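Undergrad: Fold the following for me, if possible:
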Amino acid sequence: MPDFRRRPLLAALPGLAFMSATAGAQSPPLKLGTATPGGGFPVYGAAFIKAIKDVDPTFEIEEVNTKGSTENVPLLEAGKLDLALVQGEVVQDVFFGAGRPASTLKVVTAMYASPGMFVVRADSPYRRIADLKGKPVAWGARGSGLVILGRYVVDGLGFDAEKDFEPVYLERAGDGPAMVLDGKVAALWGGGARWPGFVTVSMAPGGARFLVPDAGEIDRILAKYGFLKRITVPVGTFAGQTVAMPTVGSWSFVLARPGLDEAVGYRLASALHKVERAGAPSEQLSETTAKNTIDALPKPGALQPGVARYDKEIGLLR
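TA: Now for the predicted structure:
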């Protein structure tokens, strides 16, 4: 049984040198790395950019589609991106140096909690995660941090994602729902409130069923991977969902490259706080708050310096 606590989940990535930012203000536009089209990160990235632009019209941020979290980290470290969306399990490795030096990337904001689940067609015979053993499962795009979350979850249940299922990896995250609906895979793994893949399957004729660990299975997962969190998906989050669904997951973050100018971080924090005070303009940003960010920080001192300065000014940090 593989021990993912020790396996360096980012170790296979090419080593890239850190690059310090030049002094002074950043030249627009900032580059924001997201993921492959059709997944949750591009949807969030577009909402993030629009919300900031609405309150600070001169703030230029450009979305860059990437392979996902595990590509975003080295691109940030190399200075090829200014900001990037990174899933929680990858953030864990980044800040605690699992098989690699701990990174000097910094947190700009928490994005949202990502409850991990499988979705299947409602007319399928699958009722529990164990029912998927030996079946084709679409885990997502190879570079997605959600793939890593899925490995942690099934490993906590005593399964190997590669050996106990027929793993299918996607070129585009948006390809997964169609594969479930036409029967090419038994299930699609994913995470996040209103995650696009889940929405698509649940809205299709015939509807969807979600598979999550039961109470005992959640305890087993958390006993092995304590950095994961208990998360409940509220009733009605997805079409046809009539009961709340407890599961496990983590927080995803917007991270900044090493040396991103403090003034830029301060401006981002100020804009995001204006968005928060005005009321979240979209479902995607409903959990993107300054308090959630501080509560979800992977470790003390992880905030981008400009963000930390702003949070001190508004009384959230001492």
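Undergrad: secondary structure element for D155?
TA: helix 145-156 (DSSP states H and E).
Undergrad: what sits up against that helix?
TA: Outside helix 145-156, the residues within contact range by Cβ atoms under 8 Å, 6 or more residues apart in numbering are 1-2, 4, 9, 68-70, 86-90, 114, 116, 129, 139-141, 160-161, 164-165, 169, 189-191, 213, 217, 220-225, 228, 248-250, 252. All C-beta spots, glycine's among them, are computed from the backbone N, C-alpha and C.
Undergrad: 6 Å instead, please
TA: 4, 9, 69, 87, 89-90, 116, 139-140, 161, 189-191, 220-221, 224-225 (Cβ atoms under 6 Å, 6 or more residues apart in numbering).
Undergrad: same deal with stretch 28-37?
TA: In contact with stretch 28-37 (Cβ under 6 Å, 6+ apart) are residues 41-42, 45, 60-66, 68, 72, 75, 81-85, 141, 172-174.
Undergrad: Would you mind measuring the gap between the ends of it?
TA: End-to-end distance for stretch 28-37, by Cα to Cα, to the nearest Å: 24 Å.
Undergrad: Can you tell me the closest non-neighbouring residue to P258?
TA: With sequence-adjacent residues excluded and distances taken as Cβ to Cβ, 6 or more residues apart in numbering, P258 is closest to T104, at 4.5 Å.
Undergrad: element containing that neighbour, please.
TA: Using DSSP H and E, T104 falls within no helix or strand.
Undergrad: Hmm, it is touching A256, no?
TA: No. At 10.1 Å, T104 does not count as touching A256 under the criterion of Cβ atoms under 6 Å.
Undergrad: Compare the two and say which is more crowded by neighbours.
TA: A256 (28 against 14; other Cβ atoms under 10 Å).
Undergrad: these two touch, right, the more buried one and Q304?
TA: Yes. Under the contact definition of Cβ under 6 Å, A256 touches Q304, with a separation of 4.8 Å.
Undergrad: shared neighbours of these two, anything?
TA: The contact lists of A256 and Q304 share 106, 108, where a contact means Cβ under 6 Å, 6+ apart.
Undergrad: count of neighbours near E71?
TA: Number of residues near E71 (other Cβ under 10 Å) recorded here: 20.
Undergrad: Show me what the helix or strand harbouring it is packed up against.
TA: Using DSSP H and E, E71 sits in helix 69-77. Applying 3 or more Cβ pairs under 6 Å, 6 or more residues apart in numbering; DSSP states H and E, one finds that helix 69-77 contacts strand 83-86.
Undergrad: what's next to the helix or strand just after the strand it packs on, contact-wise?
TA: Remark: after strand 83-86, the chain's next helix or strand is helix 88-96, criterion DSSP H and E. Helix 88-96 is contacted by residues 9-10, 69, 73, 103, 105, 145, 148-149, 227, 250-253, 298-299 when judged by Cβ under 6 Å, 6+ apart.
Undergrad: same thing with stretch 217-225?
TA: By Cβ under 6 Å, 6+ apart, the residues outside stretch 217-225 that reach it are 152-153, 156-157, 228, 248.
Undergrad: Distance from it to the middle of the chain?
TA: Remark: stretch 217-225 is offset 20 Å from the chain centroid, using Cα atoms, centre = their mean, to the nearest Å.
Undergrad: cool, and stretch 188-208?
TA: Chain-centre distance of stretch 188-208: 16 Å, with Cα atoms, centre = their mean.
Undergrad: what's the answer for stretch 230-248, then?
TA: Centroid separation for stretch 230-248 versus its chain: 18 Å, with Cα atoms, centre = their mean.
Undergrad: Alright, I will stop here.
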